[in-house]
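Novice: When you get a sec, could you give me coordinates for this:
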Amino acid sequence: MRPGAKRNTEDINYYVDGILSGNRVVLSQAITLVESKLANHQALAQRIIEQCLPHSGRALRLGITGVPGVGKSTFIEVLGMKIIEGGGQLAVLAIDPSSQISKGSILGDKTRMERLSSAPQAYIRPSPAGDSLGGVARKTRETILLCEAAGFNHILVETVGVGQSEVTVHSMVDFFLLLLLPGAGDELQGIKRGIVEMADLLAVNKADGDVAKKAQLSAADYRNALHFYPAKESQWIPPVMTCSALNDVGVAEIWECILSYQEFTQKSGFFDQQREQQTKNWFQESIQQLLTQQFFNFPGMIDHLQSLEKKVMDRELSPVHAAHMLLQTFWAQQNRS
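Specialist: Here you go, the predicted structure:
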């Protein structure tokens, strides 16, 4: 496209050529289509993604999570700068918590990562998490593919740090890092067992000043706790490290550990196996989501569902029987249409 020329929003070549050439503006426009709920935007986004698919898949995908206040943004900026200094191109996809009342989102990562956001080798894309983890999973996965096609060889996905978003992010990355605060205590900060099991590395952040010793003790507590967890399928033993992102201490060692994991899993074949399994899971999840969407959007289904729901609540029908009746009605209407 000529400089200054107006874009045709239906022109696939505009988006694909722009993405493949590393045009950040076009990449952002394509991601906006992915995030849109409009049917025509979704159809266009899928056509763009399919054109970009052959150019994706060559990046190292990292997931980072941790409770609010653990210092994720500071850590990501320091880690990101090290990736860039090593010659990498980095895309940061930050899933921000959205208000369940106003549906607004903080989207403040660019202001919290001033150095990284101004680096020409970095691209930061904050996205509101909303109230649909399925939507987050699909949009983020598709955004990863577009960023990879745009030439980013490192993708970093930051999660909200609460609820089930960690499971969602874990299902789309190669390496999952759990950031922790000093002073774990007996309850391990209330972090769910499943999140610890998913982690490929645990890092106790803010290990500086008066709490440096406490951080070391916390790391020891986590190492002891990990002995009671089952072995990971990758056969990788998750290390527990300490760092101070604020003072840039220990982050370089964490990056070296991540690279060691990549080398270890690529040699064993687990790296590619996990990617393949994630793609299969994505395909199956997409089928379920599309079937559910088609079911509830079919004319009259919501009214019929509410009618059967009342009978279930009044103990006139069992939930299983009511579900079968609803499906029978759906298939009957589908056949008639």
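Novice: Just list what the helix or strand harbouring residue 272 packs against, helices and strands only.
Specialist: Following DSSP states H and E, one finds residue 272 within helix 270-297. When contacts are defined as 3 or more C-beta pairs under 8 Å, 6 or more residues apart in numbering; DSSP states H and E, helix 270-297 sits against helix 133-149, helix 251-268, helix 301-313. From N, CA and C alone the C-beta is placed, and that goes for glycine too.
Novice: could I get those as JSON lines with mean pLDDT?
Specialist: Converted to JSON lines, these look like this (pLDDT from 0 to 100):
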{"stretch": "helix 133-149", "mean pLDDT": "83"}
{"stretch": "helix 251-268", "mean pLDDT": "98"}
{"stretch": "helix 301-313", "mean pLDDT": "92"}
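Novice: residue boundaries of the helices in this structure?
Specialist: 12-20, 24-35, 39-52, 72-85, 109-112, 114-118, 133-149, 165-170, 193-198, 212-226, 251-268, 270-297, 301-313, 319-336 (DSSP state H).
Novice: For residue 65, find the nearest of the ones you listed.
Specialist: helix 165-170 (4.8 Å; C-beta to C-beta).
Novice: ok now the closest one, how far from the chain's centre?
Specialist: Helix 165-170 sits 6 Å away from the centroid of its parent chain (C-alpha atoms, centre = their mean, to the nearest Å).
Novice: just stretch 311-320 next, same as before
Specialist: On C-alpha atoms, centre = their mean, the centre of stretch 311-320 falls 38 Å from the chain's centre.
Novice: could you dump it to PDB, C-alpha only?
Specialist: C-alpha atoms of stretch 311-320 as PDB (Å, rounded to 0.1, in the frame of the first residue of the first chain):
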ATOM      1  CA  LYS A 311     -40.300 -27.000  35.600                       C
ATOM      2  CA  VAL A 312     -36.900 -28.200  36.900                       C
ATOM      3  CA  MET A 313     -37.100 -25.600  39.800                       C
ATOM      4  CA  ASP A 314     -40.600 -26.700  40.500                       C
ATOM      5  CA  ARG A 315     -39.500 -30.300  40.700                       C
ATOM      6  CA  GLU A 316     -41.700 -31.300  37.700                       C
ATOM      7  CA  LEU A 317     -38.700 -32.500  35.700                       C
ATOM      8  CA  SER A 318     -35.200 -33.800  36.400                       C
ATOM      9  CA  PRO A 319     -32.400 -31.600  35.100                       C
ATOM     10  CA  VAL A 320     -31.200 -34.400  32.900                       C
END
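Novice: Turn the helices and strands packed on helix 270-297 into CSV, columns for mean neighbour count and distance to residue 181.
Specialist: Putting these into CSV (neighbours: other C-beta atoms under 10 Å; distance: least, C-beta to C-beta, whole Å) gives the following:
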stretch, mean neighbour count, distance to residue 181
helix 133-149, 22, 25
helix 251-268, 16, 16
helix 301-313, 13, 44
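Novice: Any stretches of the stretch 151-300 of the chain with poor pLDDT?
Specialist: 160-164, 184-193 (pLDDT under 70).
Novice: Swap in 80 and give it another go.
Specialist: 160-165, 183-194 (pLDDT under 80).
Novice: centroid residue for the protein?
Specialist: Centre of the chain computed as the mean C-alpha position; nearest residue by C-alpha atoms, centre = their mean is residue 169, 3.5 Å away.
Novice: which ones are touching it?
Specialist: Going by C-beta atoms under 8 Å, 6 or more residues apart in numbering, residue 169 touches 63, 65, 95, 140, 157, 159, 176.
Novice: Show me which residues of the helix holding residue 272 are buried.
Specialist: Within helix 270-297, the residues that count as buried by 16 or more other C-beta atoms under 10 Å are 270-271, 274, 278, 282.
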